[in-house]
Structure formats: structure tokens, C-alpha cells
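K.L.:
Sequence first, then the predicted structure:
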Amino acid sequence: MLFVEKAWHFFVHTRREGTIVSRKETQKPGRVLLLPIDSIEPSPYQARTAFDEPEIAALAVSILQNGLLQPISVRRVGLRKYQLVAGERRLRACRLAKLEKIPAILADFDDSESAALGLLENLQRSQLDPFDTARGIKEVIRLWGCTQAEAARRLGLSQPALANKLRLLTLTPEQQDLCTANHLSERHARAVLRLPESRRTAALEKIARDNLSVRQADKLVESMLAAPKGPSPCRKTIPMVRDVRFFVNTLQHAVDLMTQKGIAATTSCDKRDGCLEYIVRIPVGSDGRVVPGTPAPPSPAAAQAAVPVAPAVPTEAALPAAAPADSAEDFAVQLL
């Protein structure tokens with residue numbers, strides 16, 4: 001800001017004294033130039049993504065009445081082409097006011113310096129969105145190629161403060177938009193970072209809906225963390241069924257469905273070696289396809305399936321019985 005003030009005082013002084021400055025002198029860095037507003041392009045490193053249009057409109061009215069009190073800063077990017085370094089709101093207001101020219105301080109900055117200066121100017125404004133600030137810091141660190149500690153030193157921030165701002169970017173874009181739309185502060189956003197990602201949206205919605213203060217938001221997060229967690233959706237408890245009749249009836253129901261479709265399936269049920277052996281016979285041809293036909297009457301063994309059987313826990317399943325000469329395949333199932 002001191003650099004800007006000195007340059008502006010120089011500009012006012014030269015106008016009052018009627019000093020004649022050559023064109024070559026005016027192109028030196030640090031000079032205040034009166035540039036065509038159409039020759040200035042916006043900065044690609046602008047941290048602010050949202051602008052308050054009513055405020056810009058009010059600033060445009062003030063500029064029309066009182067003039068632009070503080071010049072913008074630009075750098076040369078081509079022949080009679082300039083790129084904005086600092087002063088996005090002022091430039092927008094001047095365009096809204098239909099000004100043809102605007103006073104600008106010519107600066108000799110590279111990409112990293114231009115990005116840093118634009119960020120520093122926005123950091124001095126409390127209206128800057130915290131997520132825009134975090135994205136601007138991240139971009140400056142990328143351009144500088146430095147550590148967080150070095151960036152904190154060069155930006156005039158403490159390292160914990162810089163790290164806390166960058167942590168805001170761990171929120172999803174939807175959660176960031178939720179904070180911005182409801183005017184939640186940086187401390188509100190940091191409070192929900194203690195929660196798992198899947199629970200943050202619900203916490204932010206409640207904070208916004210109930211208009212909670214930062215202290216109330218902290219208590220809400222603490223209560224959510226202390227609440228007992230329900231069963232994991234990935235782990236389902238499967239009840240153990242010990243009555244063997246349940247499985248026998250299920251198998252018999254499947255066989256009944258096959259017979260209704262015209263498949264001559266037959267069953268037999270026998271208790272052997274401490275196990276209940278349930279055999280389903282489905283006739284198939286040499287091509288492996290099911291042979292349709294009239295189903296045989298159910299065997300007495302199948303009728304005994306609903307009779308309680310002393311459950312015994314076998315360790316091996318019965319092997320399929322050998323296929324008879326009519327090419328029917330037997331499928332044997334031992335119930336555990």
C-alpha cells in the first residue's frame with residue numbers, strides 16, 4: 001500500500017506542477033499512466049470468484065462523483081496491452097461507469113509476483129470468501145514452488161493459520177457452496193472438518209438452518225462425534241437358523257416350481273451317517289438339456305422332509321449319485 005500511495009502522490013504532483021514527462025519515461029515501472037480501459041485484461045490469478053454487484057454499482061457511482069482515488073496496478077503483456085495485477089473491483093466499477101480511461105500504476109512483475117500481490121490485496125479485505133483465499137494461497141504456493149512455511153512467511157501469516165486455510169479445501173465443492181450460500185464463516189467450516197466426510201453435509205445444513213454460532217457449531221460437532229455409531233452398512237448380521245426343516249422346505253419348494261414348469265424332477269430324502277441326504281433328480285438328454293415329461297409322484301422320503309430331524313453338523317457334502325442309464329443326473333445335497 002505504501003508503494004501505491006507514493007505512486008499516486010507522484011501522479012498528483014506532476015499534474016499540479018505541470019511536469020512534462022516523455023513517453024519513454026512514462027513506460028518505466030512505477031509510473032502512473034492513464035490507460036484506455038479496453039487495453040486492460042483481467043488477471044488470471046484473481047483469487048476472488050464472487051463479486052458483490054450492488055457494492056460495485058455503489059463504487060461506480062462514487063467514482064463518477066469523486067473520481068478514482070486509488071489507481072489500479074497493471075503489468076505490460078504486449079504492445080499497448082496490459083494485465084491487471086490488483087484492483088479488480090475498481091476496474092469493474094470504472095467499466096460500469098462507462099469510463100474510457102483509468103489511472104494505473106505500471107508494475108514489472110512476473111507471474112508469481114502478480115499472483116501474490118493480487119492475493120495480498122484481497123487478504124486485506126474481510127469480504128473475501130475463505131475458500132477463495134485458500135485457493136489463492138494454494139496457487140501462490142504452486143507458482144512460488146515453496147513450502148507452506150515459506151509461503152506463510154512471505155504472505156505475513158503464521159504457519160498454523162495458513163495450514164488451517166488450506167484445510168478448508170478438503171470439503172467437497174458442494175459443501176463449499178453450501179457454506180458460501182449460507183454465509184457461514186471460516187470457523188464454521190473448520191468445525192465440521194472434525195467429522196467424517198459423509199457426515200459433514202448434514203452438520204453444515206443444520207448449522208445453516210438453525211443459524212448456529214461458532215460455539216454452538218462446535219458443540220453440535222462434539223455431540224455428533226459422541227453419539228453411538230449404528231451398525232456398519234457393509235456388515236449385516238445373518239441370523240443362524242438351526243431348524244433343518246426350514247432348509248428342507250425351501251428345497252422342496254424349488255422342486256415344486258420345477259414340476260409346475262413341466263420338468264419331471266423327483267426327490268428323495270434319507271438320513272445317513274448322522275446327516276440328512278436330500279437328492280433331486282432332473283432328467284437331461286445327451287445334449288445336456290432338460291427332458292420335459294410328467295413328473296413322478298413324490299417319494300415317501302420327500303414327504304418326510306417336514307418331520308423334525310435331530311440336527312447333526314456334518315463336515316462334508318454328499319457327492320452326486322451316479323447317473324442311471326436313462327441319462328438322468330442326480331444332484332445330492334447334504335444339509336448341515
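P.N.:
Nice, thanks for sending it over.
K.L.:
which SSE is residue 99 in?
P.N.:
Following DSSP states H and E, there is no helix or strand that holds residue 99.
K.L.:
residues in contact with it?
P.N.:
Shown in contact with residue 99 (C-beta atoms under 8 Å, 6 or more residues apart in numbering): 37, 63. The way it works is simple: take the backbone N, C-alpha and C, and place the C-beta from them, glycine included.
K.L.:
pLDDT at it, what is it?
P.N.:
We have a pLDDT of 92 for residue 99.
K.L.:
the helices in the stretch 1-150 of the chain, which residues?
P.N.:
Under the criterion DSSP state H, counting those that start in this stretch, the stretch 1-150 of the chain carries helices at the ranges 2-17, 23-26, 53-66, 88-96, 111-123, 130-144, 148-155.
K.L.:
now the nearest residue to residue 46 once chain neighbours are set aside: how far from residue 105?
P.N.:
Closest residue to residue 46 apart from its sequence neighbours, by C-beta to C-beta, 6 or more residues apart in numbering: residue 88 at 5.7 Å. According to C-beta to C-beta, to the nearest Å, residue 88 and residue 105 sit 15 Å apart.
K.L.:
Pick out whichever of those two has more residues nearby.
P.N.:
residue 105 (25 against 20; other C-beta atoms under 10 Å).
K.L.:
Counting neighbours, what do you get for residue 260?
P.N.:
By other C-beta under 10 Å, 9 other residues sit near residue 260.
K.L.:
Repeat that for residue 206.
P.N.:
Residue 206: 15 neighbours (other C-beta under 10 Å).
K.L.:
Quick one: residues contacting the residue nearest to the spatial centre of the chain.
P.N.:
Geometric centre of the chain, nearest residue: residue 172, 2.9 Å, by C-alpha atoms, centre = their mean. For residue 172, the contacting residues are 197, 200, 201, by C-beta under 8 Å, 6+ apart.
K.L.:
One more: residue 190?
P.N.:
By C-beta under 8 Å, 6+ apart, residue 190 lies in contact with 164, 167, 168.
K.L.:
Likewise for residue 116?
P.N.:
Residue 116 neighbours (C-beta under 8 Å, 6+ apart): 140, 143, 144, 154, 155.
K.L.:
So which of these is the closest to residue 176?
P.N.:
Nearest to residue 176 among those: residue 140, at 19.1 Å, using C-beta to C-beta.
K.L.:
where are the low-confidence patches of this structure?
P.N.:
Applying pLDDT under 70 to the chain flags the ranges 1-30, 47, 49, 122-127, 228-242, 293-336.
K.L.:
Domain map for it?
P.N.:
Domains of the chain are assigned by automatic domain parsing as 1-125, 244-318+327-335.
K.L.:
if we can go back for a sec, my guess is the residue nearest to residue 46 meets residue 44, correct?
P.N.:
No - the pair residue 88 / residue 44 is not scored as a contact, 11.7 Å apart, by C-beta atoms under 8 Å.
K.L.:
picking that back up, among the contacts of residue 190, which one is most surrounded by other residues?
P.N.:
Highest neighbour count within the contacts of residue 190, by other C-beta under 10 Å: residue 168, with 20 neighbours.
K.L.:
who's in contact with the closest residue to that one other than its chain neighbours?
P.N.:
Of all residues not flanking residue 168 in the chain, residue 134 sits nearest, at 4.7 Å (C-beta to C-beta, 6+ apart). By C-beta under 8 Å, 6+ apart, residue 134 lies in contact with 165, 166, 168, 169.
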